[in-house]
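Trainee: Build me a model from this:
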Amino acid sequence: MEKVNYKFEQLQKASARLDEALAMELPNPLIKSDAVIQRFEFTTELFWKFLKELLKFHRVDFTSTPRDVIRTAKSSGFLSEDDRWVSLIEDRNITSHTYNDEQAMIIYNKIKDEYSGMFREFIEDYARTR
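Mentor: Modelled structure (predicted):
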């Protein structure tokens with residue numbers, strides 16, 4: 001359980017840093033969106049790796065891809081059935097492998113409007129139940 005707790009603490013910190021990036025007042029919107037997207041990528045990586053540790057701790061079988069970890073966590077009751085979790089992983093893959101400004105702004109808006117809140121809600125729910 002120590003490893004699960006450590007991964008959860010890392011996730012909490014990363015999510016807080018994502019929120020800090022979203023709250024920044026910068027004169028250049030490109031710098032802000034780049035900072036937010038980078039924090040999003042980092043938070044998403046820690047999120048699925050935390051879920052992976054949680055599944056291992058509870059001896060739930062899964063394969064090690066981020067998408068499979070999300071699906072297994074949903075079907076095992078560790079994560080809400082919200083389909084946006086899979087979209088979140090897909091958007092993280094897009095930001096990591098493409099450099100399209102228009103696509104980046106679409107994902108930036110999803111991070112601001114949906115994903116950051118999803119992380120916060122998950123963290124709050126998990127913290128209450130552990």
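Trainee: Could you work out the end-to-end span of stretch 74-90 for me?
Mentor: 16 Å (C-alpha to C-alpha, to the nearest Å).
Trainee: Touching it from outside, list them.
Mentor: Here stretch 74-90 makes contact (C-beta atoms under 8 Å, 6 or more residues apart in numbering) with 44, 48, 51, 54-55, 58, 60, 66-67, 70-71, 73, 110, 114-115, 118, 122. Just so you know, the C-beta spots here come from the backbone N, C-alpha and C atoms, and that holds for glycine as well.
Trainee: can we see that at 6 Å?
Mentor: Applying C-beta atoms under 6 Å, 6 or more residues apart in numbering, the contact partners of stretch 74-90 are Leu54, Val60, Pro66, Arg67, Ile70, Ala73, Tyr115.
Trainee: where's the fourth one, which helix or strand?
Mentor: Mapping Arg67 onto the secondary structure by DSSP states H and E places it in helix 66-75.
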